[in-house]
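[1] this is a predicted model, with the sequence first.
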Amino acid sequence: MQGQSNLTRRPNLIVGIFLLQLVIVYLPRCTAFQFFTCKEPLNYSELILNEFLRFINNPTFKRIDYTFFTIHEVYKNSLENKRSYRKYIDYRTWISGNRQCGKRSHESSNDAEPMHITATCPWYFELDYDPLRIPSNVARAKCSCKTCEQNEGVCVEVMSYMPVVRKVCNISVTRPEEMEFEYHADVEEVPVGCSCRLR
């Protein structure tokens, strides 16, 4: 009986050790864990500014305004050798516009009404909050309807591209209290409206 008891305990011990290893190895890599554990370096403002300046002074973009990122080819060119950032902490909430797709009376519409209400593909705005991004708050357009009004087409998001700075926790240090954020320039795809695309 005692031998059987030892046999049942051993698998539990092995499972416990395995789970402990998972926690030690993978928990520090979790972005949510990093956000609550990592701290801002003392010169974080200077580091963020330097990262923005490094991005602006990049030879590819030095002579153009960030509005050129609405051109897909420019954005695509910026992705070469770019590291990817997964968004584990991302909150979105409605801020403006009608989320429901409904028929609109164009006789009653006037020039004072905003385009996101009167367009053949209306849209609304969500506030996208990501504490690991600078700026942390970004307005994103979402199509209210799947199909276009008065047209045989589908509603698609119109994209723009904006420069941001990503906060990435340095997990190479041995002690958690030494973990500090690093800052990396990035280009984020942001929907700014909706348009009708013919099928």
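    Done, it's in. Values in this document were obtained by computation on a predicted structure and should not be read as measured data.
[2] contacts, neighbours, all on C-alpha from now
    Fine.
[3] now the helices for this protein?
    2-26, 31-37, 44-56, 72-78, 115-118 (DSSP state H).
[4] quick one, what contacts Phe125?
    By CA atoms under 8 Å, 6 or more residues apart in numbering, the residues touching Phe125 are 94-97, 139-142.
[5] redo the residues you listed as a markdown table? Include distance to Lys167, neighbour count and pLDDT.
    As requested, the contacts of Phe125 are exported to a markdown table (distance: CA to CA, whole Å; neighbours: other CA atoms under 10 Å; pLDDT from 0 to 100):
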| residue | distance to Lys167 | neighbour count | pLDDT |
| --- | --- | --- | --- |
| Trp94 | 25 | 16 | 76 |
| Ile95 | 25 | 13 | 76 |
| Ser96 | 28 | 14 | 79 |
| Gly97 | 31 | 17 | 81 |
| Ala139 | 19 | 19 | 90 |
| Arg140 | 20 | 22 | 92 |
| Ala141 | 24 | 23 | 93 |
| Lys142 | 26 | 24 | 94 |
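[6] which among these gets closest to Val164?
    When these are ranked by distance to Val164 (CA to CA), Ala139 comes first, at 13.5 Å.
[7] report the contact partners of the closest one.
    125-128.
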